[in-house]
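[1] Provided below are the primary sequence and the corresponding predicted coordinates.
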Amino acid sequence: MSDTETSQPRIEQALAVVQKEIDCIEAELMAFRRFRTRLVSIEPTGQSAATVDTSAGGMSALGTRQSKPDTSLRAVREAYQETIMAVPHFEAEYDDSLEANMSMEFGTELGTQIATGTRLTPRLHEALLTASEGARDERETLLPALERERESLQSVRNTLDDCERRGSALGANARRTTDSVRLDSIDNQLAEIEIDCESAAATRQQLLHGRSAAALSGIGGTSLVRYLYGDCLVTCPALADIVACLDTIRRHRRYCLVSTC
């Protein structure tokens, strides 16, 4: 690395993860909005009245049994497939069947009734409307949290880039002099940079401890950071890069202190 080059590899990796998640959530949010619009326009099926079987002298269940889904239920399935299951990342992220995905989003009971049932009753239609609103609201809640995380990472990256540039220049100056007064001055400036790094760490930790993830399906009450970075090498990428920067600054400071002895 040159004297002026900076590097925040873990933050850059985290920013890529966050941006990918933002893109996915934005696509899903729009898909659930479209799905709900189509769902509202679909009329539920009225209760089928049992018919009288005059030849047998009793009630026939022909009016209440169907081997195939009615028109309304088919329309719901088509709407879901053409909106939620049509987002660009669906195959890569989920690759579920209709029943599996609806069960994940709406719960097993409701998902199964929609995917394998035969009639869209008013009660089922209302339950699906409520569930789709919940899925939409979850993403509307999560999206700002993701955007705040992106902003936080960008802020830390900018701070560390500045600290590294200043620290690198001061470290180089320290190695070009043996004057104790000059080395003391450099050390004092490095101490100010160290404080800036520690302040960035404190701000980041306060943010991490003060929030949790929205209750999106599959996340539950886990923290947003664990949700985002659980598959990464480090679950606190910004703090990891801050520690690396602090190590460099403190190494420069030790050189100054040793050289003045």
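    Arrived safely.

[2] my read: residue 93 touches residue 27, true?
    No: Residue 93 is not in contact with residue 27 according to C-beta atoms under 8 Å; the separation is 10.2 Å. The way it works is simple: take the backbone N, C-alpha and C, and place the C-beta from them, glycine included.

[3] neighbour-wise, which of these two wins?
    In this view residue 93 and residue 27 are compared by other C-beta atoms under 10 Å, and residue 27 has more residues nearby, 17 against 13.

[4] and the gap between the residue nearest to the more buried one when sequence neighbours are not counted and residue 23?
    Nearest non-adjacent residue to residue 27, counting by C-beta to C-beta, 6 or more residues apart in numbering: residue 87, 4.4 Å away. Distance, residue 87 to residue 23, by C-beta to C-beta, to the nearest Å: 10 Å.

[5] which one of those two has more residues nearby?
    Under the criterion of other C-beta under 10 Å, the comparison of residue 87 against residue 23 puts residue 87 first, with 19 against 14.

[6] Tell me the confidence at the more buried one?
    With respect to pLDDT, residue 87 scores 97.

[7] same thing with residue 33?
    Reported pLDDT at residue 33 in the predicted model: 97.

[8] does it count as helix, strand or coil?
    helix (DSSP: H, G, I helix; E, B strand; the rest coil).

[9] got it, and the one 10 residues further on?
    On the three-state scheme (three-state DSSP), residue 43 is labelled coil.

[10] contacting residues for it?
    For residue 43, the contact set (C-beta atoms under 8 Å, 6 or more residues apart in numbering) comprises residue 72.

[11] For it, give me phi and psi.
    phi -80, psi 130 (degrees, to the nearest 10).
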